[in-house]
Structures are given as structure tokens and as C-alpha cells.
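Colleague: Need the 3D shape of this:
(one chain, ligands or ions: 2)
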Amino acid sequence: MNSPILVTGASQRVGLALALNLAQAGHTVVSASRSKSPEAAHPNIIQFQADLCREEDRQALIDHLKSNYDGLRAIIHNASLWLDDDLANLNTMFKLHVEAPYHLNLALGEQLLKMAKADIIHICDETSSRGSKSHIGYAATKAALQNMVLSFAEKYAPVVRVNAILPGLLILKEGGDEAYRQQTLKKALLEFEPGAQPLIEAVQFLLDSQYSTGSNVVINGGRHLKNRIAVD
Ligand SMILES: NC(=O)C1=CN([C@@H]2O[C@H](COP(=O)(O)OP(=O)(O)OC[C@H]3O[C@@H](n4cnc5c(N)ncnc54)[C@H](OP(=O)(O)O)[C@@H]3O)[C@@H](O)[C@H]2O)C=CC1
Ligand SMILES: Nc1nc2c(c(=O)[nH]1)N=C([C@H](O)[C@@H](O)CO)CN2
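Modeller: Numbers count the residues shown, from 1 in each chain. Ligands and ions are numbered 1, 2, ... in the order given. This next block holds a predicted model:
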């Protein structure tokens, strides 16, 4: 059965590393981003250009997947924008973090349900459950993305497992200053910048898992324990 893994937002950084890892493991990967990446040139990766904030682009992706493949092994909703707080940015992040996964999960359910086992993985953020005063809209839309794991896990059980991955720091933005870097590293118990590997490992765990659905996999370096008020 020719059943790819759809990875959204795989033209750079974490998503690109994930797509290459899955392709090198033998999976067919359909990568959906606004831009194509020369670094994603791999025989197992099909790059599909789509702005997932646009309904017509999402529908073209859905039509492509339905007409070219027998089923769908997994959907990994990684596409994201980490935008500052204003109404226009909130609307954009809602479209990308909430509307797009909602639309794709509903429209591609039939492709997933053809499989013996399939997975949907929502890449959220550890701020989904605690908020972020500097990125209110980002955290809120990621919280909605995390909440949808619960609904889709129930809707598509038992064939399709639906889980969230909640990263803390993975890869800092290019061009940040050293002071911000040090400040960010010190927010976790494990004070280093891990790169894409923790997310790749979490995805592999979920793809192999037989008994996880409606759950969260936290990969945050112990950030939730740093600087807490000890009660003992
Ligand atoms: N980096 C980190 O430290 C952390 C990351 N995360 C989460 O992990 C995931 C990966 O992070 P990271 O690699 O840093 O993310 P980036 O912001 O570097 O990349 C996001 C990806 O999403 C794609 N994308 C953005 N807008 C759209 C759109 N409208 N339509 C389709 N694709 C789009 C981009 O491709 P293009 O521009 O070509 O469309 C890009 O490939 C994200 O979900 C992020 O929220 C969570 C916590 C920490
Ligand atoms: N789509 C993105 N989401 C996030 C990014 C990013 O670069 N793109 N970066 C972060 C930060 O690294 C944060 O975890 C630490 O400051 C969060 N989300």
C-alpha cells in the first residue's frame, strides 16, 4: 500500500530534519510548505507547495493525497508561525495552527482509516498549557491545537492514534543575541539547545506506539520544574 506520511512545514529547521529522517527510514513523505527547499531533495520526499492558511491550497493538497495514494500512514502538523501579538498575526496563527489541522484531519480521515494503524501528531508547545505573556496569540492557538488531540483521538479510535508533542526549546531563531540565548537556556533544568532530535525521537516513539492516544509527549528539558516554589 502506497501510504505516505504528510509533514506540514518541512521546508526548514525542525520540519526539514524530521522529513529527512522519515525519508531515510524508508517512508514516503509528502511535505507541505509555502516554499520548496533544495535541502529536502530526497527520492522519498515529495514537496507540495501550499499556503496552509488558504483553504484552496489545503483542498489542492487533500485532492493530491486522495488521488495519488491508497491511504495515509500519518499526518504530522508541524507548520507554524511564531508571531508577535497583534490581531492580524493572531488571525494568521489561528488559520495555520487551528483551521488547517482541523480541515486536514476531517478531510483526510477516510485515508487514515484505511490503514491497519495510522497516526496524527500535533506539534504544539509547552506554553500551550501554561501561556506566554510575550506570545499570547501563539500560545492560545497552540492550546487549541493541543485540545483538538482529545477530540480527534476519540473520533478516530482505534485505528488512528492522535497525540501531541509539547516541545520547550528546540532550535533558537537565527540571528538572536547571546544574552537572549543564555536567558533562554537557563529557563530549563537541562541548559542546552537540543536541535530537532528530541522531536524526531518523540515522533518515532508515537509511530511505534501501540497504546498511546489522546496524550501529550513533553520534551522541554524540565522547564516546568525550573524556578518553581518548592513546597517541601
Ligand atoms: N524552534 C523551537 O525552539 C520550538 C519549536 N516549536 C514548534 O516546533 C515546530 C517546528 O519549529 P521550527 O522548525 O522552529 O519552526 P519554523 O518557524 O522554523 O518553521 C515553520 C515551518 O512552517 C512552515 N510554514 C509557515 N507558514 C506556513 C503556511 N502558511 N503554510 C505552510 N507552511 C507554513 C514554514 O515553511 P514556509 O515558510 O516555507 O511555508 C516552515 O517550514 C513548530 O510547530 C513550532 O511551533 C515548539 C517549541 C519550540
Ligand atoms: N514556529 C515556531 N515556533 C516556535 C519557534 C520558532 O522558531 N518557530 N521558536 C520558539 C522558541 O525557541 C522558544 O521555544 C524559546 O524561546 C518557540 N516556538
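
Colleague: The chain: strands as residue ranges?
Modeller: Taking DSSP state E, the strands of the chain run over residues 5-8, 29-33, 45-49, 74-77, 118-123, 160-167, 216-219.

Colleague: So in that sheet, which strands flank the fourth one, and in what orientation?
Modeller: Going back to what we said before, that points to strand 74-77. strand 5-8 (parallel), strand 118-123 (parallel) (DSSP bridges).

Colleague: distance between stretch 108-118 and the chain's centre?
Modeller: 19 Å (Cα atoms, centre = their mean, to the nearest Å).

Colleague: Mind checking if stretch 214-222 is in reach of ligand 1?
Modeller: No - residues of stretch 214-222 are not located near ligand 1 by Cβ under 6 Å from any ligand atom, the shortest gap being 8.4 Å. Any C-beta I mention is one placed from the backbone N, CA and C, and that applies to glycine too.

Colleague: Give the buried residues for that stretch.
Modeller: For stretch 214-222, burial by neighbour count (16 or more other Cβ atoms under 10 Å) applies to 215-221.

Colleague: Could you confirm whether it reaches ligand 2?
Modeller: No - Stretch 214-222 does not reach ligand 2 (Cβ under 6 Å from any ligand atom); its nearest approach is 8.8 Å.

Colleague: for stretch 9-27, same thing?
Modeller: No - remark: stretch 9-27 sits outside contact range of ligand 2, by Cβ under 6 Å from any ligand atom, the gap being at least 7.0 Å.

Colleague: Quick one: residues in contact with that stretch.
Modeller: With contact meaning Cβ atoms under 8 Å, 6 or more residues apart in numbering, stretch 9-27 is reached by 4-5, 7-8, 29, 31-37, 39-40, 42-45, 47, 52, 73, 76, 78-80, 123, 170-171, 195-197, 199-200, 203.

Colleague: do that again at 6 Å, thanks
Modeller: Stretch 9-27 is contacted from outside by 5, 7, 29, 31, 33, 35, 37, 40, 42, 44-45, 78-80, 170-171, 196, 199-200, using Cβ atoms under 6 Å, 6 or more residues apart in numbering.

Colleague: Is ligand 1 within reach of it?
Modeller: Yes - Stretch 9-27 comes into contact with ligand 1 (Cβ under 6 Å from any ligand atom), by way of 9-15.

Colleague: neighbour-wise, which of those residues leads?
Modeller: Greatest neighbour count in these, by other Cβ atoms under 10 Å, goes to Ala10: 29 neighbours.

Colleague: Can you give me the distance of that residue to Phe192?
Modeller: Shown here: Ala10 relative to Phe192, a distance of 24 Å by Cβ to Cβ, to the nearest Å.

Colleague: Looking at the residues of stretch 9-27 next to ligand 1, point me to the pair that's furthest apart.
Modeller: Ser11 and Val14 (10.9 Å; Cβ to Cβ).

Colleague: Would you pull up the residue in the protein closest to ligand 1?
Modeller: Gly9 (2.7 Å; Cβ to the nearest ligand atom).
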